[in-house]
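# structure, please.
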Amino acid sequence: FAKLVAYKEQHGDTNVPQSYEDKQLANWVDNTRTQYRKMQQGEHSPSLTETEERVAQLEEEGFNWGSQNISLEVSFAKLVAYKEQHGDTNVPQSYEDKQLANWVDNTRTQYRKMQQGEHSPSLTETEERVAQLEEEGFNWGSQNISLEVSFAKLVAY
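Predicted coordinates:
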């Protein structure tokens, strides 16, 4: 809990991303949300430690009990900003914002799995999310985009 408070002081919120450097804190936040959802659904778990007192403490800190869509929203906003700056959504793996580059790569992978009928617990690309990304001109294609872009630049040169 103290780590979460320190995170909030540094970042201004309690939305610790799964990719955060302190994996213990990131996992604790994820597990806390999961346990809270179970508690809300009436499930009892031996590992359920979220008592009313703990819930109240977390809510005092502005803890977001919602799903991991927080990181999706942040990543989507970063993608839109990238598009505004670069004119496309083809974020290369070598991009300085590794979190965004990885999110784009993972989004494409999850989309391909969805198209092939695979179901994955981490699959978060709903029809609504797909529509949002397509509105931004998201390229669902292969990861050879950077090769295509590089070739186009070479031809232009």
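# burial measure for Q35, as a count.
Q35 is flanked by 17 other residues according to other Cβ atoms under 10 Å. Just so you know, the C-beta spots here come from the backbone N, C-alpha and C atoms, and that holds for glycine as well.
# name the helix or strand for it, please.
helix 23-40 (DSSP states H and E).
# C-terminal to that helix, what's the next element?
Heading C-terminal from helix 23-40 (DSSP H and E), you reach helix 52-60.
# residues contacting the helix or strand just after that following helix, please?
Where DSSP H and E defines the elements, the next helix or strand beyond helix 52-60 is helix 69-86. With Cβ atoms under 8 Å, 6 or more residues apart in numbering as the test, helix 69-86 has contacts from 15, 17-19, 64, 89, 91, 95, 97, 99-100, 103-104, 124, 129, 132-133, 136-138.
# swap in 6 Å and give it another go.
Helix 69-86 is touched from outside by 15, 17, 89, 91, 100, 103, 136, with contacts defined as Cβ atoms under 6 Å, 6 or more residues apart in numbering.
# go through that helix and flag the buried ones.
Within helix 69-86, the residues scored as buried using 16 or more other Cβ atoms under 10 Å are 71-72, 75-76, 78-79, 82-83.
# can those residues go into TSV with extra columns for distance to Q116 and pLDDT?
Output for the buried residues of helix 69-86, formatted as TSV (distance: Cβ to Cβ, whole Å; pLDDT from 0 to 100):
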residue	distance to Q116	pLDDT
S71	24	64
L72	21	72
S75	23	81
F76	23	84
K78	27	87
L79	23	90
Y82	27	92
K83	27	92
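# out of the residues you listed, which comes closest to E118?
Nearest to E118 among those is L72, at 19.3 Å by Cβ to Cβ.
# how near is the closest one to Y82?
Look at L72 and Y82: by Cβ to Cβ, to the nearest Å, they are 15 Å apart.
# picking up where we left off before, ok, the buried residues of helix 69-86 vs V5, which is closest?
S71 (20.3 Å).
# where in this protein is pLDDT low?
44-51, 67-71, 119-126, 142-153, 157 (pLDDT under 70).
# how about 90 then?
Filtered on pLDDT under 90, the chain yields the residue ranges 1-2, 4-5, 7-21, 23, 26-78, 88, 90-157.
# just the buried residues of stretch 86-103, please?
89-92, 95, 100-101, 103.
# one more: stretch 111-121?
Buried, per 16+ other Cβ under 10 Å, within stretch 111-121: 111, 114.
# picking that back up, distance to Q41 for the buried residues of stretch 86-103 - can I get that in JSON lines?
Converted to JSON lines, these look like this (distance: Cβ to Cβ, whole Å):
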{"residue": "T89", "distance to Q41": "37"}
{"residue": "N90", "distance to Q41": "41"}
{"residue": "V91", "distance to Q41": "37"}
{"residue": "P92", "distance to Q41": "42"}
{"residue": "Y95", "distance to Q41": "39"}
{"residue": "L100", "distance to Q41": "33"}
{"residue": "A101", "distance to Q41": "36"}
{"residue": "W103", "distance to Q41": "29"}
